[in-house]
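> Here is a sequence with its predicted model. Questions after.
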Amino acid sequence: MTPQLPGLLDAEAIRKDFPVLDRLVHDGKKLVYLDNAATSQKPRQVLDALSEYYERYNANVHRGVHTLAEEATALYEGARDKIAAFINAPSRDEVIFTKNASESLNLVANMLGWADEPYRVDSDTEIVITEMEHHSNIVPWQLLSQRTGAKLKWFGLTDDGRLDLSDIEQVITEKTKIVSFTLVSNILGTVNPVEALVRRAQEVGALVLIDASQAAPHMVLDVQALQADFVAFTGHKMLGPTGIGVLWGRQELLEDLPPFLGGGEMIETVSMHESTYAPAPHKFEAGTPPIAQAVGLGAAVDYLSAIGMDRIAAHEHAITEYALRRLKEVPGLKIIGPDTPEGRGSAISFTLGDIHPHDVGQVLDEQGIAVRVGHHCARPVCLRYGIPATTRASFYLYSTPAEVDALVEGLEHVRNFFG
Amino acid sequence: MYQEVILDHYKNPHGRGLRDGDVEVHHVNPTCGDEITLRVKLDGTSIQDISYEGQGCSISQASASVLNELLVGRQVDEAVKVQEVFLELMQSKGKLEPDDAMEDVLEDAVAFAGVSKYPARVKCALLSWMAWKDATAQALGDGAVRESA
C-alpha cells in the first residue's frame, strides 16, 4: 500500500550495502532505523576501507620512510583530497581533520580568543549565534565569552521554527567579530537563510562559521557558494566512522590565526625556547591524527558522490514530505519546527499529546523502531517552545516510505497504550 | 517493562500535589528532563506525608506514586530499608528475580523490576526515591539541630 513517490532512490538496492539494516531486534522485529540525525549507519564499502587499512597499510603518517608509512600517508592525504573535492574547497590545504564537529567549532572559538587583531575576540566585541544551535555551537561561545568578556548575542526563533531575523541589524553590529550558526537544525529540521546572514556579517566585517553537521550528509555542500569563512561538520553522520570531523577554513585566515593544540605534526622547528609552526592544515592537526577514520570518511564521500548528493537530497525531500503528511494524521501529534517540506531537512521533531517522549521512544523501540527522544542537545529550543523534550524521527538515503508507515503505526500503538 | 501496575499508578497517581512539609527538594534527571518537587512531613520519626509535583515519563511519575503509597505512615528507619531494597532491585540490571520476601517489602514497587534492564530508565524510576532520601536526611538533620540548640 506504500505509495511510489517521485524522486525516490532505489532504497532496497542501497540497503543491501548496509549490513546492520538487516538486523532484527526484540525477538525478531525488523529494525526501522530513524535516528540518522544522531548517527548514520555505515555501508560495507566504508567498513571494508577501515579493515583494509588496518590489515594492509597501518603505520603512522608523515614520519618514517618505510613503505607502510608512505602508503598510510598517501591514504590519509588522499582522504583529504576527497573531502576537499566533496565540499568544493578551493584548496586541499584548507581541509583540517578533527575528531568531530564539536572539536572543529571549539577550534575556531579558541583561535579567535588567542588571535591578534583584526580577528581577536575581546571585551569590546560581540559574538552572535542562534537559539536553535546544538550545544556544541553554544557552549564554546559561552566559554569564549566568559574568558574574554565578549558579549554573546543570539537570534531568537519564530513560532513556526525559523530564525527571527527581523532585528538582524541590531544583533549583528559593527562590534560583531564572529557569527556562528547551523545550516540545518538538528532538532527542528530548519534550513537557515545563509545568504542573509553572510551578507550582514560581511557588511560589518565579521567572520562567519557555519555548522554543517546536519547538512553535509544530506545535500550538496559547496563552501565557496556559502561564502562563509569556516565550515564545520562530522564524519559519522555521513556514513563515515566516529572519531573524524572536518573544519574547512579560508586559507589566509588559517595562515593568520594561531594554533589550537600543540604537539607533534603541527610544528616546523622546535627548540627549548620556542617553536615555529607548520603551514595549514598541519598547523591544526597536533598529534597522530585519526588515520583509519579519515580513510573511512574518504570511502564514505566516494559512496555518497557515486549516488549524487542532489539525488540524495531529492530522495530525502520526498520521504520528508510523505512523513509530514502521514504524521499529521496521528491525533494529538504536534510537529515542533517547520511543518511543510519547504526549507527543511529530514529530521522531524514532534510531541504526542502529553505522553512523555521517553515513553513514546520506549514503546516504539519495543516494535523495532529506533527514534531519538530528549532535548537533542538543543535544550534552549525546548525551553523556547515550552516543552520538556521531543521525539525525533530522522531519515537518510536508505529510508523508505514503508518505514514512515511503520512509524505511524507504531505511534498509533503508543497512543492506545497510554491512552 | 510497562507493567499494568505501573500504568495504573501513572494514570491515577497516589498523593500527587504539594502539601505542607518540613523540607522541600527539587531533583532533576538531566538525561531526559524529568523533574520532581517533593516535600516530607515528619512527626518525630514517623512519616506523616510525602507530597510531590513533577513532570516526566510514566516511569518517573508512577514511581513517585508508588513511593507515596508505600512509605507514608511508616517509621523513617523502616522506610529507609524499603528504599534500600528498591535501590538494590533497580541496580540489578534485570538479573534479580524478586522473591516473596522482596514482594512483601516492595509491594507494587516490584513491578519496576523490568525497568532495571534499561540503564537509560533506571534514573527515571529512582528520581523520586532519591529526592525523598535527600529531603528526609535534611528534615532529620534540621530536627537534630533544633533539638541540640
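Thanks, I have the structure now.

> what ranges do the strands span in chain B?
Taking DSSP state E as the criterion, chain B carries its strands at B:23-29, B:34-43, B:46-55.

> Tell me which of the ones you listed lies nearest to chain A.
Judged by Cβ to the nearest Cβ, the one of these that comes nearest to chain A is strand B:46-55, at 6.0 Å. (Glycine included, C-beta is placed from N, CA and C.)

> buried stuff in the closest one?
Judged by neighbour count using 16 or more other Cβ atoms under 10 Å in any protein chain shown, the buried positions of strand B:46-55 are B:I47, B:D49, B:I50, B:S51, B:Y52, B:G54.

> Likewise for stretch A:215-222?
By neighbour count on 16+ other Cβ under 10 Å, the buried set for stretch A:215-222 is A:A215, A:A216, A:P217, A:H218, A:M219, A:L221.

> Could you do stretch A:170-185 as well?
Judged by neighbour count using 16+ other Cβ under 10 Å, the buried positions of stretch A:170-185 are A:171-173, A:176-185.

> Show the end-to-end separation of it, please.
Using Cα to Cα, to the nearest Å, the end-to-end distance of stretch A:170-185 comes to 23 Å.

> How about stretch A:218-231?
Between the opening and closing residues of stretch A:218-231 there is a gap of 15 Å (Cα to Cα).

> tell me the mean pLDDT over it?
This predicted structure assigns stretch A:218-231 an average pLDDT of 98.

> distance between it and the chain's centre?
On the basis of Cα atoms, centre = their mean, to the nearest Å, the separation between the geometric centre of stretch A:218-231 and that of its chain is 13 Å.

> residues in contact with it?
By Cβ atoms under 8 Å, 6 or more residues apart in numbering or on different chains, the surrounding residues in contact with stretch A:218-231 are A:86-90, A:104, A:108, A:183-184, A:194, A:198, A:202, A:207-210, A:212, A:215, A:233, A:246-250, A:253, A:309-310, A:312-313, A:316, A:345-346, A:396.

> Counting only strands, which of these make the cut?
When strands are assigned by DSSP E, the members of those inside them are A:L207, A:V208, A:L209, A:I210, A:F233, A:V246, A:L247, A:W248, A:G249.

> which bits of chain B sit near chain A?
Contact residues (Cβ under 8 Å from any Cβ of the partner chain) of chain B with chain A: B:1-2, B:7, B:10, B:31-35, B:55-59, B:118, B:120-121, B:124.

> For the residue in the stretch 51-200 of chain A that chain B sits nearest to, grab phi and psi.
Here the residue of the stretch 51-200 of chain A nearest chain B is A:H135; by Cβ to the nearest Cβ that distance is 11.9 Å. For A:H135, the backbone dihedrals are phi -50, psi -30 (criterion: degrees, to the nearest 10).

> shaky segments in chain B?
By pLDDT under 70, the low-scoring segments of chain B are B:32, B:142-149.

> so where's the longest helix in it?
Longest helix in chain B by number of residues, with DSSP state H as the criterion: helix B:119-148.

> Of the buried residues of stretch A:215-222, which is the nearest to A:G262?
Comparing the buried residues of stretch A:215-222 against A:G262 with Cβ to Cβ picks out A:A216 as the nearest, at 28.3 Å.
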